[in-house]
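> curious how this folds, go ahead:
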Amino acid sequence: MPPSPDPRPDSEETARLLERVSRGDPAAVNDLLARHRDTLRGFVAGRLDPAVRARVDPSDVVQEALAEAARRLPDFLARRPMPFHLWARKAAYERALKARRAHRAECRDVGREAARPDQSSLALIHSLAGVGPSPSQAAEGAEAASRVARALDDLAEADREVLLLRQVDGLPYEEIGPLLDVDPVAARQRYGRALIRLERALAAHGVARSQ
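Prediction:
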């Protein structure tokens, strides 16, 4: 089997900033983190539905992730386990997951469940080439939206996440793997299995592929 392709390398500017950081330039740390802040904020915002964002600002999630990245920079520079852009995304991704899990746990504790699919779920359904209603149709039809939400709730979190990373975020498997702590081949296999389970769940709730 041929080796899996490597993740995208860091940009030349990021590489230069990392070199300055490794030489002990404190200003380079701030410049490095600032360079990636907006990209990470967009990534996090897309993973937090409005109910979560009402309580957790994506900027705060990113700030916490970057503060952690700053603390761990010496270890990153010593090991270079992956490109910096992916390493920083992983820190933000894990923080966003933590915020979503806390929100879901609170909903369960007080007996409240979301009656409609969140934005990331709607984007996922819309991305799957003709599966079910479009986001606008789902938002307008409470019954259809409820069926989609129940189908997605039937999936394990791991299935939802790999589908979102691939279909909505558009990441290649060589970048999805490190985010999920698996190799790219395993990420591809996990995606295939999750897609099959999603289609079965949608069909079970009366949401079928469009022809």
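
> any stretches of the protein with poor pLDDT?
Along the chain, segments meeting pLDDT under 70 span 1-4, 108-122, 125-146, 208-211.

> give me the domain ranges for it.
Using automatic domain parsing, the domain parsing of the chain gives 11-113, 114-211.

> can you put the ones you listed in JSON lines and add mean neighbour count and distance to residue 5?
Glycine gets a C-beta too; all of them are placed from N, C-alpha and C. Output for these, formatted as JSON lines (neighbours: other C-beta atoms under 10 Å; distance: least, C-beta to C-beta, whole Å):
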{"stretch": "domain 11-113", "mean neighbour count": "16", "distance to residue 5": "13"}
{"stretch": "domain 114-211", "mean neighbour count": "17", "distance to residue 5": "5"}
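
> quick check, central residue of this structure?
Closest to where the C-alpha atoms of the chain average out (C-alpha atoms, centre = their mean) is residue 165, at 5.2 Å.

> send me stretch 79-87 as CSV with only the CA atoms.
What follows is stretch 79-87 as a C-alpha-only set of coordinates in CSV (Å, rounded to 0.1, in the frame of the first residue of the first chain):
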residue,chain,number,x,y,z
ARG,A,79,8.8,17.3,18.4
ARG,A,80,7.2,18.9,15.3
PRO,A,81,4.4,16.2,15.3
MET,A,82,2.5,18.0,12.5
PRO,A,83,2.4,21.3,10.7
PHE,A,84,1.7,24.2,13.1
HIS,A,85,-1.6,25.2,11.3
LEU,A,86,-2.9,21.7,12.0
TRP,A,87,-1.6,21.6,15.5
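
> what residues does it touch?
Contacts with stretch 79-87, where a contact means C-beta atoms under 8 Å, 6 or more residues apart in numbering, come from 7-11, 14, 18, 32, 36, 39, 69, 76, 90, 175, 178-179.

> mind listing which of the residues you listed are in helices?
If you go by DSSP state H, the contacts of stretch 79-87 have 14, 18, 32, 36, 39, 69, 76, 90, 175, 178, 179 in helices.

> the second one contacts residue 69, correct?
Which is residue 18. No. Checked against C-beta atoms under 8 Å, the pair residue 18 and residue 69 is beyond contact range at 11.9 Å.

> helix, strand or coil for residue 82?
Per DSSP: H, G, I helix; E, B strand; the rest coil, the local secondary structure of residue 82 is coil.

> with residue 5 instead?
Three-state call for residue 5 (three-state DSSP): coil.

> quick one: contacts for it?
Counting by C-beta under 8 Å, 6+ apart, the residues that residue 5 touches are 172, 174, 184.

> roughly how far apart are the last one and residue 191?
The reference is to residue 184. Noted for residue 184: a distance of 10 Å to residue 191, by C-beta to C-beta, to the nearest Å.

> okay, and the common contacts of the two?
The contact sets of residue 184 and residue 191 overlap at 173, 176 (C-beta under 8 Å, 6+ apart).

> surely residue 43 forms part of a strand?
No. Membership of residue 43 in a strand is not supported by three-state DSSP, which gives helix.

> all helices for the chain, in order.
Going by DSSP H, the chain shows helices at 12-22, 26-45, 50-53, 58-79, 84-109, 119-127, 135-140, 142-153, 157-163, 173-180, 184-204.
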